[in-house]
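Peer 1: Take a look and give me a structure for this.
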Amino acid sequence: MVFSYSRSQRKLMRLAREAQGHARAGTLREAILDADALLLAVHWSRVNAVLKQAGDLSGKVIVTCSLPMNANNTALVVAHTSSGAETLAMRVRQAHVVSAFSTVPSEVLFDVFRRKSKRRTPRRPSLLYCGDDRNAKKVAARLIRDVGFRPVDAGPLRVTRYLEPFSLAVDNSRTRATKDLRSRTASNVSGKLRRPPASPVRAGRSTRISRSSVSDRLPLL
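Peer 2: The predicted model follows:
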């Protein structure tokens with residue numbers, strides 16, 4: 001397994017270490033050379049540049065999770081009557097494109113993989129994939145199974161016209177949930193920082209508020 005095409009070489013090396021085995025960081029050509037399958041996971045604006053650097057992809061299986069997003073990541077630039085995966089397939093007609101992994105947030109992939117290795121009889125979460133080439137879909141299904149998911153064949157590649165908008169909905173809901181969590185955390189911290197109401201002071205005695213009594217109750221961020 002070769003990780004390639006990132007602005008950060010350090011990130012590629014970290015991914016290779018986490019993947020373990022024979023995984024390594026390398027150039028795009030090195031990643032393509034002897035690969036059984038290629039996982040395309042770049043921003044839509046970079047797809048043409050990747051294909052140009054990749055060169056001949058004849059006979060290669062390309063598993064794509066790249067959504068056709070605009071530059072601001074606010075809307076799909078290809079949707080409803082076609083899809084990003086179908087557009088990619090038209091650009092690499094000699095390759096075999098399969099759409100997979102776009103419906104799952106990338107953060108969970110390593111967690112699913114780790115849980116798979118810990119359980120003797122794992123209950124695998126399902127993951128949808130679709131494509132037009134039967135053999136390419138078999139390769140994709142094996143990759144999905146190796147990660148720790150149960151592959152579910154959703155049909156031909158045109159089904160991505162519905163999966164890609166769904167993937168955007170999943171990402172939007174995840175973003176909203178993250179913002180809500182941060183807002184609630186900030187609200188809790190703000191509430192705990194407020195000075196507690198003053199206690200009645202008896203004549204001849206003073207009341208002291210300990211700083212540690214407040215700070216000890218704050219979450220460590």
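Peer 1: Geometric centre of this structure: which residue is closest?
Peer 2: The residue lying closest to the centre of the chain (C-alpha atoms, centre = their mean) is S106, at 1.8 Å.
Peer 1: what's the neighbour count on the nearest residue to that residue once chain neighbours are set aside?
Peer 2: Nearest non-adjacent residue to S106, counting by C-beta to C-beta, 6 or more residues apart in numbering: A41, 7.6 Å away. No exception for glycine: its C-beta is placed from N, CA and C like everyone else's. For A41, the neighbour count with other C-beta atoms under 10 Å is 14.
Peer 1: Please name the residues that touch A41.
Peer 2: Contact analysis of A41 by C-beta atoms under 8 Å, 6 or more residues apart in numbering lists T64, C65, S66, F101, S106.
Peer 1: Assumed L128 was part of a strand.
Peer 2: Yes: assigned with DSSP: H, G, I helix; E, B strand; the rest coil, L128 falls within a strand.
Peer 1: residues touching it, list them.
Peer 2: A100, T103, V152, A154, L163.
Peer 1: Got a ChimeraX select line for the buried ones in the residues you listed?
Peer 2: Selecting just the buried residues from these in ChimeraX takes one command, with 16 or more other C-beta atoms under 10 Å as the test:
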select :100,103,154,163
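Peer 1: residue ranges of the helices in this protein, please?
Peer 2: Taking DSSP state H to define them, one finds helices in the chain at 9-19, 28-33, 47-54, 84-91, 109-118, 134-147, 160-193, 211-215.
Peer 1: Next, the angle helix 84-91 makes with the third one.
Peer 2: Angular relation of helix 47-54 and helix 84-91 on a 0 to 180 degree scale: 40 degrees, by axes from the mean of the first three to the mean of the last three C-alpha atoms, to 10 degrees.
Peer 1: which parts of helix 47-54 are buried?
Peer 2: Buried residues in helix 47-54 (16+ other C-beta under 10 Å): V47, V50, L51, A54.
Peer 1: Also stretch 126-138?
Peer 2: Neighbour count says stretch 126-138 has L127, L128, Y129, C130, G131, D132, D133, A136, K137 buried, by 16+ other C-beta under 10 Å.
Peer 1: Low-confidence regions, this protein specifically.
Peer 2: Low-confidence segments of the chain, defined by pLDDT under 70: 119-122, 175-221.
Peer 1: Reformat the buried residues of stretch 126-138 into JSON lines and put distance to K116 next to each item.
Peer 2: Formatted as JSON lines, those follow (distance: C-beta to C-beta, whole Å):
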{"residue": "L127", "distance to K116": "12"}
{"residue": "L128", "distance to K116": "18"}
{"residue": "Y129", "distance to K116": "17"}
{"residue": "C130", "distance to K116": "23"}
{"residue": "G131", "distance to K116": "23"}
{"residue": "D132", "distance to K116": "29"}
{"residue": "D133", "distance to K116": "27"}
{"residue": "A136", "distance to K116": "23"}
{"residue": "K137", "distance to K116": "21"}
